[in-house]
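Trainee: Mind folding the following:
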Amino acid sequence: DAEADPATGFWRRGAVAPVDHRVPQTLFPHLAGSFHYLFNYEAARRPLPYPEAMIDTCLQIQADGVWPLGTVGGFAEIDWVYCLTRAGRRSGHRPADCRQALESFAGTWTERILAVDPATHEHLNDLHALFGLLCGLAELQQALPGTLRTERPLKLVLDRRPFI
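Mentor: Presented below is the predicted three-dimensional model:
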C-alpha cells in the first residue's frame, strides 16, 4: 500500500513519471503494471489504496487518447477495463462517467473486433493475444450487463485465480 502513487492510483510511488500526454509511454505502462497488483488485491479482497485516483487516471487516459485503446489487441484493453471497473467497485467514484466510458469503449472495440477477418487477423490467430482479448470482453460483459451478448456468459480467469 505504501508504494501506491496517490496522484494516479497506480504503483509505484515515486516511479510514475510526470505525464506528458504527447508521449504515451509516460503513463500507460504504469497502468499495465498496476493491473498485475490489482488482481492480487482483488483475490485477497484487500482495499485499494487510491481507487478514486485510479478511476480519474483511467478516465483521463481515455479522454486524452494517451494510449491506442480499442485496437483489436487485448492486453492493453483488459488492463484499462479491469483497473476502471474494479476501482469503481471498490469506491463508487464517478459511476456515471465510468459507465459512459465503458459503453463508449465497448461499442468501438467490439465493432473493430467484428470487422476483422478471423482467418487472417494476427490477434485472433495468436492464442496469447486472443486470451487477452477474451479477458477484456469478459470484464466488459460483467461490467455492462446486457450489452455484450454471448451464447454463454464469458468468465474472466482472474475471478478464479490471480494470474494472467
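
Trainee: how about Thr85, secondary structure?
Mentor: helix (DSSP: H, G, I helix; E, B strand; the rest coil).

Trainee: likewise Glu77?
Mentor: Going by three-state DSSP: Glu77 is helix.

Trainee: What is the neighbour count of it?
Mentor: Per other C-beta atoms under 10 Å, the neighbour tally for Glu77 reads 24. Where you see a C-beta, it was placed from the backbone N, CA and C, and this is true even at glycine.

Trainee: Can you tell me the closest non-neighbouring residue to it?
Mentor: Gly136 (4.0 Å; C-beta to C-beta, 6 or more residues apart in numbering).

Trainee: ok, how many other residues are close to that neighbour?
Mentor: Gly136 has 28 neighbours, counted by other C-beta under 10 Å.

Trainee: name the element it belongs to?
Mentor: Using DSSP states H and E, Gly136 maps to helix 127-143.

Trainee: That helix: how far from the chain's middle?
Mentor: 10 Å (C-alpha atoms, centre = their mean, to the nearest Å).

Trainee: Now that helix: buried residues?
Mentor: Within helix 127-143, the residues that count as buried by 16 or more other C-beta atoms under 10 Å are 129, 132-143.

Trainee: try stretch 53-62
Mentor: In terms of neighbour count (16+ other C-beta under 10 Å), stretch 53-62 has its buried residues at 53-59, 61-62.

Trainee: With respect to Pro95, which of these is nearest?
Mentor: Ile55 (9.4 Å; C-beta to C-beta).

Trainee: Isn't that closest one up against Arg99?
Mentor: No: counting by C-beta atoms under 8 Å, Ile55 sits too far from Arg99 to count as a contact (11.6 Å).

Trainee: before we move on, the earlier item: can you tell me what sits against the helix holding Gly136?
Mentor: 72-75, 77-78, 81-82, 85, 102, 105-106, 109-110, 113, 122-124, 147-148, 150, 153-158, 164 (C-beta atoms under 8 Å, 6 or more residues apart in numbering).

Trainee: 7 Å - rerun?
Mentor: 73-75, 77-78, 81-82, 85, 102, 106, 123-124, 148, 150, 153-157, 164 (C-beta atoms under 7 Å, 6 or more residues apart in numbering).

Trainee: So for Ala15, what pLDDT did the model give?
Mentor: Ala15 is assigned 77 on the pLDDT scale.
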